[in-house]
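Peer 1: Model the structure of this input:
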Amino acid sequence: MSDEEKPPRKYVESLMAKGSYKTSNQSTLEAYVDAQATGEGEYYFEANKALLKIYQFLPKAVDPNKVALVLLLAMLEFPSSSTDWLALSYLIPERLQKQEPITTALRCNNLLDACKFVDFWKKLGSLSDNGDKYIKALVDRATPVLQKGILEAMSLTYRSASLDKVLANLNMEASSASTLTGISCVESVNGNVVTFVSGTDNTKRSRVFQEGVSYGAIANMMAMVASSE
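Peer 2: Just a heads-up that it's a prediction; the model follows:
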């Protein structure tokens, strides 16, 4: 299979059915990671996990860019698969965690987990400079997905937040403020205040969003909401 060919999901599933961790599957699984990065293939946790397991068997064959992509793809699935990233990170040995762009991918998730959104966007943007076209494609595609996820996280925990803070957390320009009202979790934008749709959790916490609250607590709530849909 050439560098530009992307295997279809069904073909990858057929390989997985015959043996998830066969080392002969490496090139196909790597190609499917690329397909997921560009949006040409559906997210496939089991296939991505299998690739990391194969890398454990063949440490000299590890492609750090593919490992970073696997981590970033899992991060994009939050909250519907909020445990994926953690499960995959356990398969990455310490020596690889210190290697770029894996280090930056790990740091991105840590910043997201700590609700340090402004720093998160800066770190995520730096990944585009590593020269891998698939990482750049994924970072570009990830922006609206992550913006929606961060906004939903804020709405589950807080009834309102300052517009300036919301825009900074979403890495959005002031000129884009009007688009916020088109997102289902936003009730209104009046002046410098963004009001979220009321719910059991954010009504009990009638305070303005502040940076630095543990994202883990928000993740649990979002996961419960996702599982009930």
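Peer 1: pull the helix or strand with minimum mean pLDDT from the chain.
Peer 2: helix 215-228 (a mean of 51; mean pLDDT, DSSP states H and E).
Peer 1: tell me the contacts of the residue of the chain most remote from its centre?
Peer 2: Within the chain, the residue lying farthest from the chain centre (Cα atoms, centre = their mean) is Gly191, at 30.9 Å. By Cβ atoms under 8 Å, 6 or more residues apart in numbering, the residues touching Gly191 are Leu163. (C-beta placed from N, C-alpha, C; glycine too.)
Peer 1: for the strand or helix carrying Ala37, packing partners?
Peer 2: If you go by DSSP states H and E, Ala37 is part of helix 26-38. Where contact means 3 or more Cβ pairs under 8 Å, 6 or more residues apart in numbering; DSSP states H and E, helix 26-38 is packed against helix 9-18, helix 45-57, helix 64-76, helix 133-157.
Peer 1: how much does that helix deviate in direction from helix 45-57?
Peer 2: Interaxial angle of helix 26-38 relative to helix 45-57 (axes from the mean of the first three to the mean of the last three Cα atoms, to 10 degrees): 130 degrees.
Peer 1: tell me which residues in helix 26-38 are buried?
Peer 2: 26, 28-37 (16 or more other Cβ atoms under 10 Å).
Peer 1: got a list of what Thr181 touches?
Peer 2: Per Cβ under 8 Å, 6+ apart, neighbours of Thr181: 188-189.
Peer 1: one more time with 10 Å
Peer 2: Listed by Cβ atoms under 10 Å, 6 or more residues apart in numbering, the contact partners of Thr181 are 187-189, 194.
Peer 1: Please identify the deepest-packed of the helices and strands packed on helix 26-38.
Peer 2: Here the criterion is mean neighbour count by mean count of other Cβ atoms under 10 Å, and of the helices and strands packed on helix 26-38 the winner is helix 64-76, at a mean of 24.
Peer 1: now the angle from it to helix 26-38?
Peer 2: Using the same axes, to 10 degrees: helix 64-76 against helix 26-38 is 50 degrees.
Peer 1: What average pLDDT does helix 64-76 get?
Peer 2: Across helix 64-76, pLDDT averages out at 96.
Peer 1: Packing partners of it?
Peer 2: helix 26-38, helix 45-57, helix 84-89, helix 94-97, helix 102-113, helix 133-157 (3 or more Cβ pairs under 10 Å, 6 or more residues apart in numbering; DSSP states H and E).
Peer 1: Select, out of the ones you listed, the one closest to Arg9.
Peer 2: helix 26-38 (7.7 Å; Cβ to Cβ).
Peer 1: just to revisit the earlier point, turn the helices and strands packed on helix 26-38 into TSV, columns for distance to Pro101.
Peer 2: TSV is the format used below for the helices and strands packed on helix 26-38 (distance: least, Cβ to Cβ, whole Å):
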stretch	distance to Pro101
helix 9-18	24
helix 45-57	15
helix 64-76	4
helix 133-157	6
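Peer 1: so what's the residue lying closest to Leu96 once chain neighbours are set aside up against?
Peer 2: Using Cβ to Cβ, 6 or more residues apart in numbering and skipping residues adjacent in sequence, the residue nearest Leu96 is Ile102, 5.6 Å away. By Cβ under 10 Å, 6+ apart, the contact list for Ile102 reads 62, 64-71, 89, 92, 96.
Peer 1: Lys116: which of the helices and strands packed on helix 26-38 is closest?
Peer 2: Going by Cβ to Cβ, the one of these nearest Lys116 is helix 133-157, 11.2 Å.
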